[in-house]
Structures are given as structure tokens and as C-alpha cells.
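# coords below, sequence missing:
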Ligand SMILES: Nc1ncnc2c1ncn2[C@@H]1O[C@H](COP(=O)(O)OP(=O)(O)OP(=O)(O)O)[C@@H](O)[C@H]1O
Ligand SMILES: [Mg+2]
């Protein structure tokens, strides 16, 4: 049996005015309100309601129990591209796509799950313009008993433009996400390329210069002054080689390409402890972190940003990084015991670190939460489905 819904009684405002007006009109039709049916003092509230409903910017219709329109205002007529006269007396199905049920009540013309719009009384439906063109509508519905029968007053909104803009926004959001992911990949490839060039090309050159220098020392015999100069050159060369290694590693750690994620994270942890003097535990199993380049790079960069943030903002004394697999997912937790991240921190327009972290996680269809819920400190929880990224 078809289940009857009842309209939500909230959000009555205009709908009640429409009913007031409707009541006045019905009384007028039966002649109960004076000779001409409109001039009596008792009819004044109905006339007032009528004016408001007539001039309302919102489309208002009322339908009876047999889904026949008994009232429509000019805004409703404009929405459907017809006249008020054409609407009044017509079946509701001419203007709102009808449900399959034969004995459908006005409420059945709208989707049963409701909550289409901002209020609990908003129901979604499909309007039909005079030329048959369908368009998305929302209706706030109020049902009331009038002279023994039920009257449904519906305030309608044409939401087709809003939906079009929402779709466009969603599309452009998707495109931005794809662009961001493509840019991250390009950036990573460039970093890898430059790091390799620095290491293989410039690094080799510096190493061979050092060898030449030691040959030169032997060949020229060398005055004390020359030996001092050569010694200075050699120490400068050593500094240059160390700088080059540091720059190349910062661009892209070789461990990520040669040893794997676990060793790259160990390097990151060691460097963090040495540079900032903050204790940091890495709890992970090397075998569980055998992942392809996309996932390894994403996790490495996320952890790197989290550690940079801790060093810059947290005033922490201890960090724990926990990475483990559970049912084909990699769970990553990074916790510090610092001052704790605030809600407002996460919305800073100029900050891109957390945004980048989220984008990397979402690009892998994962989930991320950043919170300060367990005082003291900040906690980052990430879930990544890595089944397709395991090597
Ligand atoms: N571990 C943390 N503890 C406390 N506050 C934090 C922590 N991590 C981030 N924050 C706060 O969140 C803000 C946003 O971080 P986010 O990484 O997005 O930007 P940022 O580090 O300020 O700049 P950048 O764009 O260079 O990363 C930070 O400015 C900081 O106030
Ligand atoms: Mg940051």
C-alpha cells in the first residue's frame, strides 16, 4: 500500500497567508460574506492576504486533495510560463511531473526523502514549463484542513539555475584538483631530474677535480705557499660536495628511489632529530612500506610537511610516527606533544602545507583528519587504500 506522507508543519508564513486568502475566496464564492462577497469588513483580512500572495515574489500554489490547483499567484504563473487563469483549475500534473500512483496527493509530487533545500520542509520535484521543458524545483509544503477537506499550499522555487551553477562549481573544483595533482607530479619529476643531474653530473665533476688536485700536488712538488693554496682548494671542494649532496637530498632523497619509503622516512627522521633536537620515533615495518613511486612520494612529502610544521609551529619535545597496514589500507598517524593546532590555523588563507597534504591524500582516494583533540599536541590521521600501490 502506498504510504502517505504528511507535510512538515514548519515554515508556514506565506503558506498561511495563501490559506487565509483561499478561505476568503471560498467564502466569497458561496456568498457567505456579503452581497458582493468582497466588501464586508469581515473580509478585510482575506483581502489583505490576497494582496500579499498576489504580490509575493515567491511562486505560490494551493492544491486540493485530488491534486487540482485551486490557487496560483502571478509569480507561479511566470515560473511555468502560463497565466494564473490557466493554472487555476488545472491538474497539478500539468505543471509538476506526476508520480506513478493514480491517486497521488500533492505531497507525492515531491521526492519522499525531502531535505532538498536548506530547510526540512523543502522537497525536490520536477517542474514542467508551458512548452513541456522540465526544470528542477523545490517546494515547501503545508497541508491544512479547510471546510472538511485538505488543502496543500506549496511555495515553489525554480532551482535549475542554482543546480547548474552547483554542477559547474563541482566540475571546476574537480578540474582544479586534477590540475593540482598534475602540478605536484610535474614538480616531483623536475626535482628528481635536477637532483640526479646535480649528483651525477656536478657531483662527478667535483670528485674528479679533487683527484686532479691531489695529482697536481704530487706533480708540482709544491712550495709551502702552493701547498697551502691547494689545501684550501681541497677543503672548499669538500664543502661544495657536501652542499651539493644536501641540496640534492632536499630536492629528492635518493633513498626514495633506491632504498624505498622506509629508508627515506628514516633519513627524514634522523635529519629532523639532528637539526631540531626533538625526539622522534618511527614505528613502521619495512615490508609494509613497499609501495610504488606515487604512493611512496605522497607519503614521504606528507610526513616531511608534518615534521616541518612541528619544527616551525608546535614547540614540541616528542614526535611519534606510526605507519601500519590494516586490511589493505595503510594507516599513518603523526602525533606531537606541542601546543596543539587550532581550528583557525587550518583555515589560514596564505598557508598551503595542510592543503597540499589533503590534496595528496585525496588524490590517492584516502582520508585525512588533523586535530588537536587529544591534548597536548596535534594529531594527523591518514588512511590510504594502498592495495593497488603495493610492489
Ligand atoms: N603540529 C602543529 N602544531 C601546532 N600548530 C600547527 C601544527 N601544524 C600546523 N600548525 C598550524 O597550522 C597552520 C597551517 O599550517 P600549514 O602547513 O598549512 O601552513 P604554514 O606551515 O604556516 O605555511 P606553509 O604554507 O609554508 O606550509 C600553521 O601556520 C600553524 O599555525
Ligand atoms: Mg607548513
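That came in fine, so what should we check first? Please read all numbers here as calculations on a predicted model, not as lab measurements. Ligands and ions are numbered 1, 2, ... in the order given.

# quick one, what contacts the residue lying closest to residue 266 once chain neighbours are set aside?
Nearest non-adjacent residue to residue 266, counting by C-beta to C-beta, 6 or more residues apart in numbering: residue 282, 6.3 Å away. The way it works is simple: take the backbone N, C-alpha and C, and place the C-beta from them, glycine included. By C-beta atoms under 8 Å, 6 or more residues apart in numbering, the contact list for residue 282 reads 265-266, 269, 321, 323.

# quick one: residue 282 and residue 261, what's the gap?
Distance of residue 282 to residue 261, computed by C-beta to C-beta, to the nearest Å: 11 Å.

# same check, this time on residue 217
Distance, residue 217 to residue 261, using C-beta to C-beta: 44 Å.

# compare these two (neighbour count), which wins?
Each of residue 217 and residue 261 has its neighbours counted (other C-beta atoms under 10 Å); residue 261 has more, 26 against 16.

# quick one: that one and residue 296 touch, right?
Yes. Between residue 261 and residue 296 there is a contact under C-beta atoms under 8 Å: 4.2 Å.

# neighbours of the residue of the stretch 151-300 of the chain found nearest ligand 1, just the number please.
Residue nearest to ligand 1 within the stretch 151-300 of the chain (C-beta to the nearest ligand atom): residue 278, separated by 11.1 Å. For residue 278, the count of nearby residues is 19 (other C-beta under 10 Å).

# helices and strands around the helix or strand containing residue 193, which ones?
Assigned by DSSP states H and E, residue 193 falls within helix 160-197. Contacts defined by 3 or more C-beta pairs under 8 Å, 6 or more residues apart in numbering; DSSP states H and E place helix 160-197 against strand 134-146, helix 224-251, helix 353-363.

# quick check: next helix or strand after it?
That would be, after helix 160-197 and using DSSP H and E, helix 203-220.

# that next one to helix 224-251, inter-axis angle?
Compare the direction of helix 203-220 with that of helix 224-251 by axes from the mean of the first three to the mean of the last three C-alpha atoms, to 10 degrees and you get 170 degrees.

# begin at 33, not 1, for the rest of this chat.
Yep, numbering from 33; the last one is helix 235-252 now.

# tell me the helices and strands packed up against helix 235-252.
helix 256-283.

# what helices or strands is the helix it packs on leaning on?
Contact here means 3+ C-beta pairs under 8 Å, 6+ apart; on that basis helix 256-283 packs against helix 192-229, helix 235-252.

# list the buried residues for it?
With burial defined by 16 or more other C-beta atoms under 10 Å, the residues of helix 256-283 counted as buried are 262, 272-273, 276, 280-281, 283.

# same question for stretch 132-147.
Using 16+ other C-beta under 10 Å as the test for burial, stretch 132-147 gives 136-142, 146.

# who touches the residue in the chain that ligand 1 sits nearest to in this structure?
Residue nearest to ligand 1 within the chain (C-beta to the nearest ligand atom): residue 385, separated by 2.2 Å. Residues counted as contacts of residue 385 (C-beta under 8 Å, 6+ apart) are 337, 340-341.

# which one (most neighbours) among the residues you listed?
residue 341 (23 neighbours).

# any idea how many residues pack against the closest residue to residue 169 other than its chain neighbours?
In space, and not counting its chain neighbours, residue 169 is closest to residue 159: 4.2 Å by C-beta to C-beta, 6+ apart. The number of residues packed near residue 159 is 24, by other C-beta under 10 Å.

# and the stretch 183-332 of the chain, which residues reach ligand 2?
Contacts of the stretch 183-332 of the chain with ligand 2, taken as C-beta under 5 Å from the ion, are absent.

# any regions of the stretch 183-332 of the chain where pLDDT drops low?
Within the stretch 183-332 of the chain, not a single segment meets pLDDT under 70.

# tell me how far the residue of the stretch 83-232 of the chain found nearest ligand 2 lies from residue 330.
Closest residue of the stretch 83-232 of the chain to ligand 2, C-beta to the ion: residue 216 (15.3 Å). Distance, residue 216 to residue 330, using C-beta to C-beta: 8 Å.

# who's more crowded, these two?
Taking other C-beta under 10 Å, residue 216 and residue 330 do not tie; residue 330 has more neighbours (25 against 17).

# quickly find the element holding the more buried one.
helix 325-341.

# which helices and strands sit right next to that helix?
helix 286-290, helix 293-308, strand 350-358, strand 361-368, helix 385-395, strand 411-417.

# using JSON lines, lay out these together with distance to residue 378.
Formatted as JSON lines, the helices and strands packed on helix 325-341 follow (distance: least, C-beta to C-beta, whole Å):
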{"stretch": "helix 286-290", "distance to residue 378": "28"}
{"stretch": "helix 293-308", "distance to residue 378": "22"}
{"stretch": "strand 350-358", "distance to residue 378": "19"}
{"stretch": "strand 361-368", "distance to residue 378": "15"}
{"stretch": "helix 385-395", "distance to residue 378": "6"}
{"stretch": "strand 411-417", "distance to residue 378": "11"}
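
# tell me how many other residues surround the closest residue to residue 396 other than its chain neighbours.
Take residue 396 and drop its neighbours on the chain: the residue closest to it by C-beta to C-beta, 6+ apart is residue 416, 5.3 Å away. By other C-beta under 10 Å, the residues close to residue 416 number 24.
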